[in-house]
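> Take this sequence and fold it.
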Amino acid sequence: MKALIQRVKTASVRIDGQIFSQIGAGILVFLGVEKGDSKTNAEKLAQKLSSLRIFEDENGKMNRSILDTKGEMLIVSQFTLCGDCQKGTRPSFDKSAPPEIANRLYEYFIEQIKTYSIPCRTGKFGAMMDVSLINDGPVTFMVEK
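This next block holds a predicted model:
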């Protein structure tokens, strides 16, 4: 399971030109589910992201988590994170989990984030989405579990 995360001042998802969801300060998560991923991967990733210290403390050091800052999280499914661009000029998606499995684990990951009492919004699995954000920093990390 892969998560491309960005610390944001604000982020939103539009579907068919309409705002579907939006957050204020927090983390935008693009989530990719690969073949072989399980609920255990989702649990570990949720724990990691909830405690990852990527927000600045009073000394300007990245020393605070989303729990410490009481930030929000916007979670967007993105199967292209599982794309392999090593060979040729067209990405291979052989590592991506089938949609029904990926959706189940995406939903399970969202449930796990909510157990940490993090205000959470989502995209819509499988939909074409316009994602907007104001990156805070910029601060961007790839996290795999």
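
> so how many other residues sit close to Thr40?
10 (other Cβ atoms under 10 Å). Every residue, glycine included, has its C-beta placed from N, CA and C.

> need the contact list for it.
Under the criterion of Cβ atoms under 8 Å, 6 or more residues apart in numbering, Thr40 has no neighbours.

> Need phi/psi at it.
Main-chain torsions, Thr40, degrees, to the nearest 10: phi -60, psi -40.

> Tell me the pLDDT of it.
If you check Thr40, the pLDDT there is 98.

> go on, Ile113?
At Ile113, pLDDT is 98.

> Geometric centre of this protein: which residue is closest?
When Cα atoms, centre = their mean is applied to the chain, the residue found nearest the centroid is Val29 (1.8 Å).

> Spatially nearest residue to it, not counting backbone neighbours?
In this structure, Val29 finds its nearest non-sequential neighbour in Ile75, 4.6 Å apart by Cβ to Cβ, 6 or more residues apart in numbering.

> distance of that neighbour from Met129?
Going from Ile75 to Met129 by Cβ to Cβ, to the nearest Å gives 12 Å.

> again, but for Cys120
Cys120 sits 16 Å away from Met129, going by Cβ to Cβ.

> The residue nearest to the centre of the chain touches Ala3, doesn't it?
Yes: if you go by Cβ atoms under 8 Å, Val29 and Ala3 touch, sitting 5.3 Å apart.

> Residues that sit against both of the two, list them.
Counting by Cβ under 8 Å, 6+ apart, the contacts common to Val29 and Ala3 are Leu49.

> Now the longest helix seen in the chain: buried residues?
Longest helix in the chain, counting residues (DSSP state H): helix 99-114. For helix 99-114, a neighbour-count test (16 or more other Cβ atoms under 10 Å) marks Ile101, Ala102, Leu105, Tyr106, Tyr108, Phe109, Ile110, Gln112, Ile113 as buried.

> And that helix, what does it pack against?
If contacts are counted by 3 or more Cβ pairs under 8 Å, 6 or more residues apart in numbering; DSSP states H and E, helix 99-114 sits against helix 39-51, strand 72-77, strand 120-122.

> and the angle for the first one with helix 99-114?
Relative orientation of helix 39-51 and helix 99-114, computed by axes from the mean of the first three to the mean of the last three Cα atoms, to 10 degrees: 40 degrees.
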